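# here's a sequence, model it:
(chains A and B)
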Protein chains: 2
Amino acid sequence: MQSADIKPLLVQNSSKIVLLILDGLGGIPMKPGGHTSLEAANTPNMDQLAQNGSLGSIVPIRPGITPGSGPAHLSLFGYDPIEHAVGRGVLEAKGIGIEVRPGDVAARGNFCTLDQDGNITDRRAGRISSDEGERLVKKLEGIKMDGLEITVRHLKEYRFALVLRGAALNAGIADTDPQVTGRAPLEPKANEPAAVKTALLFKKWISEAEKILSEEKDGNGVTLRGFGSDPQLDNYKDLYGLNAACIAVYPMYKGVAKLVGMDVIEFEGDSPADEFGALKNVWDDYDYFFVHIKKTDSMGEDGDFDGKVGVIESVDQAIHALTELNPDVLMITGDHSTPAKMKSHSWHPVPFLLWAPERGLPDTQDKFGERNCAAGGLGRFPAYEIPALALAHAGRLRKYGA
Amino acid sequence: MQSADIKPLLVQNSSKIVLLILDGLGGIPMKPGGHTSLEAANTPNMDQLAQNGSLGSIVPIRPGITPGSGPAHLSLFGYDPIEHAVGRGVLEAKGIGIEVRPGDVAARGNFCTLDQDGNITDRRAGRISSDEGERLVKKLEGIKMDGLEITVRHLKEYRFALVLRGAALNAGIADTDPQVTGRAPLEPKANEPAAVKTALLFKKWISEAEKILSEEKDGNGVTLRGFGSDPQLDNYKDLYGLNAACIAVYPMYKGVAKLVGMDVIEFEGDSPADEFGALKNVWDDYDYFFVHIKKTDSMGEDGDFDGKVGVIESVDQAIHALTELNPDVLMITGDHSTPAKMKSHSWHPVPFLLWAPERGLPDTQDKFGERNCAAGGLGRFPAYEIPALALAHAGRLRKYGA
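Sure, this is the predicted structure:
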């Protein structure tokens, strides 16, 4: 069931649910006959949970479809991402703390470097530092346009978020990054008639930005992508009766959590132990905890098989901090697969572990890994079925019909 | 995902995809504890592919629903066959090379033998030879009707295709074969008001045909079935960005391939080796190859368990001709199951093998068979998800969302 259908069945209790996401967890072997990173990792604690729990594989979008991070997380939160499209701009903007009201249009921006002819020589502006990126964004704050409220905020390195507020804006606009060097950035192009006016406003903003940046060596141009509006999703409390907390390091994941009404917990540090410590601090205040570990994905994207193994092992070594809290339901999975061999997100189903000591039906698997999960007792299922599964195992759903 | 939703994600590359269909591949044991034909067959080459690839089971229509060949193939090509109904008449007509324009109504015809009271004594006219069938069809070509363009073409033995072209025709007409002997053929009956006029036209044609055939000993009557119009499906190039070739011996399978815009390759012979040789000849000209082996199904329909084993083994012995071409994705499956024990199509999920050396996640199975496939890493999934899976493993889909 998708989220909206569960509501009539909700009951309240004091149970605790933890969804631990290792971003890009799934993988494939580097060569025939080999292990995946998760299989190669030494994970005695997660294997113990697997032995006492149940395994399965989740499909983030549809079989064969490689997810972006936004749709993948919406699915984990109970929304079929094909029916609920959310632009990355909104997630990044919300994540960094910009208010995105209904009707606002948000986009993710990249600084890039242009040659004399206006063609891109570096799509990431020589990977400028965060300090440098922050300095450039400060300059862009000077752009004013009639009838528009403009918010621009630095994210990290060469990345920023941009939000326009004004009358009759529409987010149906195509990305301007041509995805290759040697070409000029594309003009913002409306995908639908209703977005023509908004596309022209973004075009004007870009031209103002390029004027202001023209003297810069790295970062004299910008590209925009992931145009989007607030999808006005119901929040976790209404949907599931859950007070939900988000514990994440990266803005985008905080953004998608905010979209469904989770409280974003602030904390110091960025290790799994830091994140689990932050969770412990607010354990009594919430029913549901979304914990996001980024670096499994980063290692996969870098093609660093062993690095990914290391991150997984570091999570395993810290995970006692979660199990000691005695959650009613602990789920460990990823938002999608990021095989080091492919150096990119992929469509492969994602290993899923459910540990629910009171109400679970343990299967015959005893190790957390892709092939064990493919043979696991929970089978293969769409990621958007996770909330119903979690609520059920937490004793929070009454029966359907008499 | 069904075919229509994939389009925005397509990227082009030079990869090659092969879909090898062993018609009616799936089966059940002849007695408790026994093997299926596929399990009993000695298939070292396909077992090797299973070991290095991934297995699963496909559901052609819905669980428990036994497919006809037309809907089963539409599903393999990415269309949910419940949403896209195509009459067998269209497939047979297209397959034999009759042009079926939008608005034309096509039907499959059978010669039958009638007694003096007009009741059927043989539904297949004593299984007359193809020469004899051809002679009878020649006689039917003489039927003319005002305002109608009529095409009738011999298919094989007692079977023919009939297409009417005229104003405001409608294919909502029920089969006229009563499915038993001792009764007269049914009259063409409209399933909906819009088809009443067309039903009367077919009734008139049948009565003309029976006049012309009245002196025949075998084949003095006809039945019509599978009334249908061109469903105007998008073609493979538009849907998937694939130049697609069909390599098949029987007209119906060429017909369904033409419906989705595949080029039908002409070649001599009808053995698996002949078909694989034909594929090799056009290897450089296409991206996607649909190869159809008929005789697995024929043996199943005949209740010939060992015969089916033999056909499967003959495919296995020839399959090196495919693997030597180094396809990026090789899929081996059936359109449906045809257990020899049942002597008919069945609803049982169909064994599915995916070999994609670069991007696959091999599972723990090492033999191609029904029970191995049921435990395979790809799980059980609707056949219409095959194209997305194939495109993904061929590197032809970008990610969904950012």
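
# the stretch 1-150 of chain A against chain B: which residues are in contact?
Within the stretch 1-150 of chain A, the residues that sit near chain B (Cβ under 8 Å from any Cβ of the partner chain) are A:28-29, A:32-33, A:36, A:57, A:61-72, A:81-82, A:85-88, A:108. In this view, the C-beta of every residue, glycine as well, is placed from N, C-alpha and C.

# whoops, I mixed them up, the stretch 301-402 of chain A
A:342, A:344-349, A:370-371, A:374-375, A:379-380.

# in helices, which of the residues you listed fall?
A:Glu370, A:Arg371, A:Ala374 (DSSP state H).

# how about A:Lys367, nearest residue that isn't a chain neighbour?
A:Asp47 (4.9 Å; Cβ to Cβ, 6 or more residues apart in numbering or on different chains).

# what about the longest strand in chain A?
strand A:105-114 (DSSP state E).

# which helices and strands does the host helix or strand of A:Val196 pack with?
Per DSSP states H and E, A:Val196 falls inside helix A:196-213. Where contact means 3 or more Cβ pairs under 8 Å, 6 or more residues apart in numbering or on different chains; DSSP states H and E, helix A:196-213 is packed against strand A:105-114, helix A:130-140, strand A:159-165, strand A:173-174, strand A:189-190, strand A:221-228.

# helix or strand right after the first one?
Following strand A:105-114 in sequence order, the next helix or strand is strand A:120-122 (DSSP H and E).

# give me the contact list for that next one.
The contact list for strand A:120-122 (Cβ atoms under 8 Å, 6 or more residues apart in numbering or on different chains) reads A:112-115, A:178, A:180-185, A:218, A:221, A:223.

# for ChimeraX, what selects the buried ones among these?
Restricted to buried positions by 16 or more other Cβ atoms under 10 Å in any protein chain shown, the ChimeraX selection for the contacts of strand A:120-122 reads:
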select /A:112,113,114,178,185,218,221,223
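
# which one of the contacts of strand A:120-122 is nearest A:Ala402?
Each of the contacts of strand A:120-122 was scored against A:Ala402 by Cβ to Cβ, and A:Thr223 proved nearest at 57.2 Å.

# I'd say the closest one and A:Thr176 touch.
Yes. Using Cβ atoms under 8 Å, A:Thr223 is in contact with A:Thr176, at 4.9 Å.

# quick check: neighbours shared by the two?
Contacts common to A:Thr223 and A:Thr176, judged by Cβ under 8 Å, 6+ apart, are A:Pro185.

# now for the least confident helix or strand in chain A by mean pLDDT, which elements pack on it?
Every helix and strand in chain A was compared by mean pLDDT, DSSP states H and E; the lowest is helix A:88-96, with a mean of 90. Judged by 3+ Cβ pairs under 8 Å, 6+ apart, the packing partners of helix A:88-96 are helix A:69-76, strand A:105-114, strand A:149-156, strand A:159-165, strand A:221-228, helix A:251-259.

# ok, and for the third one, which residues are buried?
So the one you mean is strand A:149-156. Neighbour count says strand A:149-156 has A:Ile150, A:Thr151, A:Val152, A:Arg153, A:His154, A:Leu155 buried, by 16+ other Cβ under 10 Å.

# closest to chain B among these?
Nearest to chain B out of those is A:Leu155 (Cβ to the nearest Cβ; 13.3 Å).

# which residues touch the residue nearest to A:Lys367?
Contacts of A:Asp47 by Cβ under 8 Å, 6+ apart are A:Asp366, A:Lys367, A:Phe368.

# ok, now how distant is the closest residue in space to A:Lys258 that isn't next to it in sequence from A:Met299?
Spatial nearest neighbour of A:Lys258, excluding adjacent residues (Cβ to Cβ, 6+ apart): A:Lys94 at 4.7 Å. Going from A:Lys94 to A:Met299 by Cβ to Cβ, to the nearest Å gives 26 Å.

# A:Ile21 now?
Taking Cβ to Cβ, one finds A:Ile21 at 15 Å from A:Met299.

# cool, and A:Phe77?
When A:Phe77 is compared with A:Met299 (using Cβ to Cβ), they lie 24 Å apart.

# cool, and A:Lys258?
The value you get for A:Lys258 to A:Met299, if Cβ to Cβ is used, is 26 Å.

# the residue nearest to A:Gly87 when sequence neighbours are not counted: neighbouring residues, count only.
Nearest in space to A:Gly87, with sequence neighbours left out and distances taken as Cβ to Cβ, 6+ apart, is A:Gly228 at 1.8 Å. The number of residues packed near A:Gly228 is 27, by other Cβ atoms under 10 Å in any protein chain shown.

# same check on the one 4 residues further on?
Neighbours of A:Gln232 under the rule other Cβ under 10 Å: 7.

# and the buried residues of strand A:149-156 as TSV, adding pLDDT and distance to B:Glu99?
Below are the buried residues of strand A:149-156 laid out as TSV (pLDDT from 0 to 100; distance: Cβ to Cβ, whole Å):
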residue	pLDDT	distance to B:Glu99
A:Ile150	98	59
A:Thr151	97	60
A:Val152	97	60
A:Arg153	97	61
A:His154	96	63
A:Leu155	94	58
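
# I'd like the residues you listed as a markdown table, with distance to B:Gly303 appended.
Output for the buried residues of strand A:149-156, formatted as a markdown table (distance: Cβ to Cβ, whole Å):
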| residue | distance to B:Gly303 |
| --- | --- |
| A:Ile150 | 75 |
| A:Thr151 | 73 |
| A:Val152 | 74 |
| A:Arg153 | 72 |
| A:His154 | 73 |
| A:Leu155 | 67 |
